Each structure stands twice: as C-alpha cells, then as structure tokens.
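Undergrad: quick check, what structure comes out for this input:
(one chain, ligands or ions: 1)
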Amino acid sequence: MVSKADFKGKHFISMSDYGRPQLDYILNVADEMAKLEKQGSQLARGKVLASLFMEPSTRTRLSFESAMFRLSGSVTTVADPMTSSIKKGETLEDTIRTVMNYVDIIAMRHPDNDSATRAAKVSTVPFINGGSGTWEHPTQTLLDLHCMRTAKGRIDGLTIGMVGDLKNGRTVHSLLKALRNYDVKVYCVAPDALKMKPEVIEEVKDRIEVTEVSDLPRTMPELDVVYMTRVQRERFATQEEYDKVKDSYIMDRKMVQKHGKKDVAIMHPLPRVNEINTDVDDLPNAWYFRQMKHGIYTRMAIIALALGVY
Ligand code: NCD
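TA: Predicted coordinates for the structure are as follows:
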C-alpha cells in the first residue's frame, strides 16, 4: 500500500521511478489540492522553495511558485543563470550544496540531460526535476495525466497519439514512461528525423503497445487524445536542420473535424509555435489551455508530499 510516507523527503527525478499505485496516489492528492487552491491552505507555512530555472520557462516556473504560495510557503528564485554564481563557473553540484542551506525544497530546470540526477545526488532537501535537457519533465507528466483524467474521465482504455518532436521533447519521454502503467495504446507520430528515443520505447514496450507512424491524418481517427508537441528549435545544430522539420505537423480545425473522433482531446504542454492553428482554440476538443491549470494542483501535491506536510 502506498502512503504519504513514501514521498516524504524524496526527490522527484524520473517517471521510471513511479508505478501505478504511486501515480494514482499523487493524482488523488492533486484532486484534494484542487479544492485547497480555492479554499486556501497553510500546509507549507514557514517552508521555502528554491526555484532554479537555467532554461526559459513560463508555465513550469510560475506554476511551481504559485503552487508554493497557494500552500502559504515562500519562494526564492533564480530565473536567469547570468545573475548567479553559475556565471562564475560554479558547478551544478556546488550550486545545489549552497541552495539547500537556504530552503526546504528545490525545483530546477537545466539544459543538461543528467542535471536532475546529479543534483539529486548531492541535495539533502527534496529535489524536483522541472525539466532536464531532452531527458525528462516528470511534473509535466503529472499534470498531463491529471488533465487527461478530467478530459476523458479515465486513462485506461485510451488510444493516445504523441505528435511532433518525440526525439528532443522531454515531456513525451516522461509521458510515455508513465503511460506504461496504464492499459493504453500509444501511437508515436513523427518524421524519421524526430522519432521517439529508442531507449524510451525499449523501456515501455513489454507493458504497452507502441506503434511508430508518420502519417497524422491516417492515425487521427484512432485517437482519443492527441498530444501535440513543439519542434524543439533550441536542440538543433543548425537552422537548416530545424527548417526541414519545423512544420511537420499542423493541427487545424479541418484536421480535427475531418479526421478526428468527435470527442478527441487535443493537448499540448505549450508553448505552441505553429503546430496548433488558432482556429482550433475555440473547439470543445481544445484542452491545451485548460491543461495548464492542472500544473498548479499537481505541483501543490508533489511539493506537499515531498515536504511531508500533507
Ligand atoms: C515544455 C518543456 O519545457 O519541455 N514546456 C513546458 O514545460 N510546459 C515543452 C516545450 O518547451 O516545448
């Protein structure tokens, strides 16, 4: 049986570390947090979160910080590494060894794939991975699952399509790892150059059916959820390489209405660039704006659990 004791003082690094009972537990705590967000809560009173963001972020950083404030905790932030000693050449490990003296919990985003693992190794306070290079973004997955539960009423039984930059997009790596715990079918829809990382498919393929395809219109009729992603421009070596694939898939109103199930849910971690046309925004199928709200509930949950105050 999973209990809150399983999360107290623990780091949150990778979706590989979580099975179905743990995920159900966190998502159920997030349901409680949705109520507390409105009522107000004193759960994290006197506690401090460090929010260290060494790559651009709007949603993840602000929702971590807002989640901490909603729990009556406080926040200290580095949103621009140029303003901290990282600029002077301090190692990631030494930065964490410093910050952990000042706070009770750390959330960090960093461009290196191994950053979360390295940080967690030295941190004596709970460390939460807010996005590590192209590797993982596990708290995004919590909000994606929580949103999916709301949009479709369940996760089991769904056919889910992940579309776009499945190679460089960290959100889809965490999401696919988490989905191995559910009774789902997954289509990975990408051009050859942006195919899902083979090691992630390897990790899940004994548990769920994953089909790799490149044709979105032909796959659309199967899908209950379409998880669109941005082509990750910042991970390309040259502009030419990016230009070749940047508009591989564009979801527009016609695509939803002509090829999609009537109640298909369109999701996206955001920010979007071109991959979802604004003419989708006012369709009932558009979940990507509502999706963001789930980031507050799930981050409140993970903060409260890791602090041991829930
Ligand atoms: C994602 C990320 O940073 O990985 N954004 C987010 O956290 N919501 C997706 C992206 O940047 O494309």
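Undergrad: only C-alpha atoms from now on, for both contacts and neighbour counts.
TA: Will do.
Undergrad: show me what contacts Ala5?
TA: When contacts are counted by C-alpha atoms under 8 Å, 6 or more residues apart in numbering, Ala5 touches Gly308.
Undergrad: what's the distance between it and Gly308?
TA: 7 Å (C-alpha to C-alpha, to the nearest Å).
Undergrad: enumerate every residue touching Met228.
TA: Met162, Val163, Gly164, Ile266, Met267, His268, Pro269, Glu275, Ile276.
Undergrad: ugh, typo on my part, it should be Val309
TA: Leu43, Ala44.
Undergrad: hang on, it in a helix?
TA: No. Read with DSSP: H, G, I helix; E, B strand; the rest coil, Val309 is coil and lies in no helix.
Undergrad: show me where the chain has helices.
TA: Ranges of helices in the chain, per DSSP state H, are 20-39, 59-70, 92-99, 115-122, 138-152, 170-179, 198-204, 216-219, 239-245, 253-259, 288-307.
Undergrad: show me what counts as buried in the fifth one.
TA: Looking back up the chat, that one is helix 138-152. For helix 138-152, burial by neighbour count (16 or more other C-alpha atoms under 10 Å) applies to Pro138, Thr139, Gln140, Thr141, Leu142, Leu143, Asp144, Leu145, His146, Cys147, Met148, Ala151.
Undergrad: about what we covered before: can I get the helices of the chain in a markdown table including mean pLDDT?
TA: Output for these, formatted as a markdown table (pLDDT from 0 to 100):
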| stretch | mean pLDDT |
| --- | --- |
| helix 20-39 | 97 |
| helix 59-70 | 97 |
| helix 92-99 | 96 |
| helix 115-122 | 98 |
| helix 138-152 | 98 |
| helix 170-179 | 98 |
| helix 198-204 | 98 |
| helix 216-219 | 98 |
| helix 239-245 | 95 |
| helix 253-259 | 98 |
| helix 288-307 | 98 |
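Undergrad: sorry, back to before: out of the contacts of Met228, which touch the ligand?
TA: The subset of the contacts of Met228 within reach of the ligand, by C-alpha under 6 Å from any ligand atom, is Pro269.
Undergrad: show me what from the chain comes close to the ligand.
TA: Residues of the chain lying near the ligand by C-alpha under 6 Å from any ligand atom: Arg59, Thr60, Arg170, Thr171, Arg230, Pro269, Leu270, Pro271.
Undergrad: which of those residues has the most neighbours?
TA: Greatest neighbour count in these, by other C-alpha atoms under 10 Å, goes to Thr60: 25 neighbours.
Undergrad: got the contact list for it?
TA: Taking C-alpha under 8 Å, 6+ apart, we find Thr60 in contact with Gly130, Gln140, Gly295.
Undergrad: residues near the nearest residue to Glu93 once chain neighbours are set aside, how many?
TA: Among residues not flanking Glu93 along the chain, Ala119 sits closest, at 5.9 Å (C-alpha to C-alpha, 6 or more residues apart in numbering). By other C-alpha under 10 Å, the residues close to Ala119 number 23.
Undergrad: could you do Ile296 as well?
TA: Counted by other C-alpha under 10 Å, the residues lying close to Ile296 total 24.
Undergrad: wait, doesn't it sit right on Arg61?
TA: No. Ile296 is beyond contact range of Arg61, at 10.6 Å (criterion: C-alpha atoms under 8 Å).
Undergrad: so Met108 bridges to which residues?
TA: Leu52, Asn129 (DSSP bridges).
Undergrad: so that it lines up with my notes, have the first residue be 35 from now on.
TA: Noted, 35 is the first residue going forward, which turns the last one into Met142.
Undergrad: give the contact list for it.
TA: Contact analysis of Met142 by C-alpha under 8 Å, 6+ apart lists Ser85, Leu86, Phe87, Met88, Ala150, Phe161, Ile162, Asn163, Gly164, Gly165.
Undergrad: quick one: which of those has the most company?
TA: Highest neighbour count within the contacts of Met142: Gly165, with 31 neighbours (other C-alpha under 10 Å).
Undergrad: who's in contact with that residue?
TA: By C-alpha under 8 Å, 6+ apart, Gly165 lies in contact with Met142, Arg143, His144, Pro145, His171, Pro172, Arg204.
Undergrad: from the ligand, how far out is the fourth one?
TA: Counting by C-alpha to the nearest ligand atom, to the nearest Å, the gap between Pro145 and the ligand amounts to 10 Å.
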